[in-house]
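**Q** Next input, structure requested:
(2 chains)
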There are 2 protein chains.
Amino acid sequence: MLQNEDIFSWESWVEIPKNSDFSLQNLPYCIFSTADNHTKKIGIGIGEYVIDLHQAQELNFFDGIDFPQNFFLNDALNDFISLGKVITNTIREIIMFDLKKENGTADSENILFDHQNQILIPQKNAIFHLPVKIGDYTDFYSSREHATNVGTMFRDPNNALLPNWLHLPVAYHGRASSIIVSGTDIYRPKGQTKAPDAEKPIFQATKLLDFELEMGFIVGKGTDLGENITTENAEEHIFGMVLFNDWSARDIQTWEYVPLGPFLAKNFASAMSPWVVVMEALEYFKVETPPQSEVLDYLKFKGKKSFDIQLEVFIKPQNSEEKLVSTSNHKFLYWNISQQLAHHTVNGCNMNVGDLCASGTISGSTPDSYGSMLELTWRGTKPILMHDNTERKFINDYDTVIMRGFCEKNGKRIGFGEVSNFVLPAKS
Amino acid sequence: MLQNEDIFSWESWVEIPKNSDFSLQNLPYCIFSTADNHTKKIGIGIGEYVIDLHQAQELNFFDGIDFPQNFFLNDALNDFISLGKVITNTIREIIMFDLKKENGTADSENILFDHQNQILIPQKNAIFHLPVKIGDYTDFYSSREHATNVGTMFRDPNNALLPNWLHLPVAYHGRASSIIVSGTDIYRPKGQTKAPDAEKPIFQATKLLDFELEMGFIVGKGTDLGENITTENAEEHIFGMVLFNDWSARDIQTWEYVPLGPFLAKNFASAMSPWVVVMEALEYFKVETPPQSEVLDYLKFKGKKSFDIQLEVFIKPQNSEEKLVSTSNHKFLYWNISQQLAHHTVNGCNMNVGDLCASGTISGSTPDSYGSMLELTWRGTKPILMHDNTERKFINDYDTVIMRGFCEKNGKRIGFGEVSNFVLPAKS
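**A** All right, here's what the predicted structure looks like:
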């Protein structure tokens, strides 16, 4: 495997704009089509382009590797991921090598370089689709600051964390069918809500539409029922990560969630970035997990298992500029993703390629780093001023919520693109 | 469509043993293979046989219907269900007609009759598989008696039902990957548990393994995100029903479930009967839903929306006979399946063909009709005596738990077969 110390000095013959998410060291995967050609294909991001892997195969780029014809004409990454990391990493490294500046010359016999007009599709011409077919979706609750904020607001400020919280990464099952790709509009959901002083619930469109700033990881190697994954080998089972907005309706949630957890308050939509950044790209940005209380053996781990991924949330009112409302970081999470996967499978629960595990809302310790409007406006008591001088307590109709994420170290950057949704009024 | 009043008088030329689940009026679907032929196929149950629909197609039974070749060689019913009720009901009615006694004669030009040795596979030679590929699995909590029992034991006997319970069919998302077919052995799961007086949790195999007597329905017609299903058209979206055992680990559940609901306590395994009984077969056994408090408009309904399905649970210790431990009925459910589906989609949550919605534990009002060991033994305070004189508070290693279900009216019976699992000790 190529070493990060080496490759992070590499440049590409593809022009990479300053602050691009899609550096040579990233090469995230996506599923895309174009206005001219509705067939979905597997692509890789570089600079302002998508590498069309199907076109690359047609032009004999993969000769010598035994791919079935049309393998890259696919509406999801699952079949590709299922090849296993030995193969997918090799392919990524071959592509990285061929995109290296030194290998982009007329006499380099480089198919990507020689046929760049056919293989490199401008991202602005691409239509992006949900990158994976998600079998099961699990949402963790792994930010101590988020859990503390919610506990403080809704329960007891002096006992904000519930007794189990420091002992296990709390999680619940979410709805996979309503996970949508960035760019998909969402309707304001309707449902039952009940005011604290009301005698009965009423049926209405949610008045408290909220985002949750999350990231998710995609399972890359499954397990059978009865097997478990350890903190030590968890990363072998993870293909990559995405940005994730776990849309929430707070008034519906308050009324429905006791005792079995959130349901209709969440399953009307959750949104994912179109790009899956592989774990090998993130390796360079690993950091220590925040200090933890003593945990049971199966949750203990060694080494750096957290990731320094800077996260931002913007609200864009319909006729105004984007307003930055939160700046957070994946490294703030109390429970790391290896612990999440070890906990999830310690009872023998099986994993399939394409399963999604999201982090839960990622809040930091300062009020500008909270990952939801619920926390940022402290239940609406501290509205946020937009650039057009309108205030937001929660999300309005015709707002767009945009989340971005990227790693930056020693002047090198790899990013996740964005997850963005425009909010339509409730269907009548 | 054939009328129930007519068809419930029909007899078949296939011998139907007394008390068979698989009468001419049932014709449930399954996915099966045989020891000789591992290819999975779609089948229909009749008497002691499975009708091999692939073989039937090969023998030109479906001539005139435009099925692709090998359509019935399939590892799940989803593609078949996706044809829609107009087609699937027509096929079922043609088969029912051809299985009718009067049509089983040498001169009837009846392919099923003429080739019965090739098309009718003895069930004892069949290996049954999970009948559907389940996208999302939702578990409701729709038995008032069960919710009341649990609330009485764990919260306040005077306020056993939580405030939302009579206003909406409470539900949560479950894990689809760990749903297994009847006959699959399960391992006793391990996990964190904490005794009430202990300072810290410990990691151990569950000491309180339990079943939950449930039934589930399979979504037969999907919806797009943003659409909703009404109580009036809900049954058009339901293909059929199955028996369902929502295996549970009570000690793991108690420690983990606040505030986001059950997770590892449930997702180690849930088991389904191999037979899907279609709604059209159940139509004859419809009854009134129990009286309800006033509900919001979208939960109101007209007509008979509940089903008189008798349910039984047996425990079979390894070297002893089956002991009947519970006798319940699907009609006891407070919320009917049309209300469940209307609630689930009222926020625009989309449904896909093959999604599973389970009922939650189905308990009746008498102690012998409770649907879990938790309730039957009242948290272990009233052990149940097996035929071998051993006692059960919960489920032991090497026990088999068997659930059966059937409808019976005017001497006619249609049944669901069984869901049965043998419990293995925790993996070491």
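
**Q** Name the nearest residue to residue A:29, ignoring sequence neighbours.
**A** Sequence neighbours aside, residue A:276 is the residue nearest to residue A:29 in space, at 4.8 Å (criterion: C-beta to C-beta, 6 or more residues apart in numbering or on different chains). (C-beta placed from N, C-alpha, C; glycine too.)

**Q** Verify the stated contact: that neighbour with residue A:130.
**A** No. Here residue A:276 does not reach residue A:130: they are 10.6 Å apart, not a contact under C-beta atoms under 8 Å.

**Q** Now do the contacts for the closest residue to chain B within the stretch 251-400 of chain A.
**A** Closest residue of the stretch 251-400 of chain A to chain B, C-beta to the nearest C-beta: residue A:261 (2.9 Å). Contact analysis of residue A:261 by C-beta atoms under 8 Å, 6 or more residues apart in numbering or on different chains lists A:172, B:172, B:259, B:260, B:261.

**Q** Who has more neighbours out of residue A:276 and residue A:130?
**A** residue A:276 (24 against 20; other C-beta atoms under 10 Å in any protein chain shown).

**Q** Phi first, then psi, for the residue nearest to residue A:29.
**A** phi -110, psi 110 (degrees, to the nearest 10).

**Q** Also residue A:331?
**A** Per degrees, to the nearest 10, the backbone of residue A:331 is at phi -70, psi -10.

**Q** In space, what's closest to the residue of the stretch 251-400 of chain A closest to chain B - neighbours in sequence excluded?
**A** Counting by C-beta to C-beta, 6+ apart, the residue nearest residue A:261 is residue B:261, at 2.9 Å.

**Q** The one you found: helix or strand, and which one exactly?
**A** Using DSSP states H and E, residue B:261 falls within no helix or strand.

**Q** circling back to that earlier point, pLDDT at the residue of the stretch 251-400 of chain A closest to chain B, what is it?
**A** Listed pLDDT for residue A:261 reads 95.

**Q** now residue A:410
**A** Reading off the model, residue A:410 has pLDDT 89.

**Q** neighbours of the residue nearest to residue A:367 when sequence neighbours are not counted, just the number please.
**A** Among residues not flanking residue A:367 along the chain, residue A:376 sits closest, at 7.1 Å (C-beta to C-beta, 6+ apart). Applying other C-beta under 10 Å, we find 25 residues neighbouring residue A:376.

**Q** I figured residue A:91 was touching residue A:67, is that so?
**A** No. In this structure residue A:91 lies outside contact range of residue A:67 using C-beta under 8 Å: 9.5 Å.

**Q** quick one on the thing from earlier: and the residue nearest to residue A:29, how far from residue A:402?
**A** Look at residue A:276 and residue A:402: by C-beta to C-beta, to the nearest Å, they are 19 Å apart.

**Q** and if you look at residue A:284?
**A** 26 Å.

**Q** Same check on residue A:427?
**A** Applying C-beta to C-beta to residue A:427 and residue A:402 gives a distance of 23 Å.

**Q** try residue A:49
**A** For residue A:49, the distance to residue A:402 - C-beta to C-beta - is 22 Å.

**Q** Also residue A:310?
**A** 15 Å.

**Q** quick one, which of those two is more surrounded?
**A** residue A:402 (21 against 17).

**Q** what helix or strand does the more buried one sit in?
**A** Counting by DSSP H and E, residue A:402 is part of strand A:400-409.

**Q** Which pLDDT does the model give the residue in the stretch 1-150 of chain A that chain B sits nearest to?
**A** Across the stretch 1-150 of chain A, the shortest distance to chain B (C-beta to the nearest C-beta) belongs to residue A:136, at 5.1 Å. You'll see residue A:136 listed with a pLDDT of 98.

**Q** ditto for residue A:36
**A** At residue A:36, the predicted lDDT confidence score is 93.

**Q** ends of stretch A:43-60, how far apart?
**A** End-to-end span of stretch A:43-60 (C-alpha to C-alpha, to the nearest Å): 16 Å.

**Q** Pull the distance from it to the chain's centre.
**A** Distance, stretch centre to chain centre, for stretch A:43-60: 22 Å (C-alpha atoms, centre = their mean, to the nearest Å).

**Q** Residues of the stretch 101-250 of chain A that sit close to chain B?
**A** Within the stretch 101-250 of chain A, the positions adjacent to chain B are A:135-136, A:141, A:162-164, A:167-168, A:170-178, A:180, A:187, A:189-192, A:194, A:200-203, A:225-226, A:249 by C-beta under 8 Å from any C-beta of the partner chain.

**Q** and the residues you listed, which are buried?
**A** A:135-136, A:141, A:162, A:164, A:167-168, A:170-178, A:180, A:187, A:189-192, A:194, A:201, A:225-226, A:249 (16 or more other C-beta atoms under 10 Å in any protein chain shown).

**Q** Strands along the stretch 51-200 of chain A, start to end?
**A** Ranges of strands in the stretch 51-200 of chain A, per DSSP state E, counting those that start in this stretch, are A:120-122, A:126-129, A:137-140, A:171-174, A:179-181, A:186-187, A:190-193.

**Q** one step back: contact partners for the residue nearest to residue A:367?
**A** Residue A:376 neighbours (C-beta under 8 Å, 6+ apart): A:325, A:326, A:367, A:368, A:370, A:382, A:384.

**Q** Now compare those residues and name the two farthest from each other.
**A** Longest distance between any two of the contacts of residue A:376 is 13.2 Å, between A:326 and A:382; criterion C-beta to C-beta.

**Q** more neighbours, those two?
**A** residue A:326 (25 against 11).

**Q** Tell me both backbone torsions, phi and psi, for that one.
**A** phi -150, psi 140.

**Q** pLDDT score assigned to it?
**A** The model's pLDDT for residue A:326 equals 98.

**Q** cool, and residue A:156?
**A** 89.

**Q** what separates it from residue A:148, distance-wise?
**A** 11 Å.

**Q** wait, what's in contact with the residue nearest to residue A:29?
**A** A:28, A:29, A:30, A:77, A:131, A:132, A:218, A:239, A:240, A:241, A:242.

**Q** For residue A:190, see how far away the third one is.
**A** In other words, residue A:30. 33 Å.

**Q** ok, now the second one?
**A** As for residue A:29, its distance to residue A:190 is 36 Å (criterion: C-beta to C-beta).

**Q** and what of the fifth one?
**A** As defined by C-beta to C-beta, residue A:131 lies at a distance of 30 Å from residue A:190.

**Q** Leaving aside the residues adjacent along the chain, what's closest to residue A:375?
**A** Closest to residue A:375 by C-beta to C-beta, 6+ apart is residue A:149, at 4.6 Å.

**Q** Make sure the one you found is actually in contact with residue A:373.
**A** No. Counting by C-beta under 8 Å, residue A:149 sits too far from residue A:373 to count as a contact (11.8 Å).

**Q** which of those two has more neighbours?
**A** Taking other C-beta under 10 Å, residue A:149 and residue A:373 do not tie; residue A:373 has more neighbours (28 against 23).

**Q** Quick check, pLDDT for that one.
**A** 98.

**Q** ok, it - contacts?
**A** Counting by C-beta under 8 Å, 6+ apart, the residues that residue A:373 touches are A:210, A:211, A:325, A:384, A:392, A:393, A:394, A:395.
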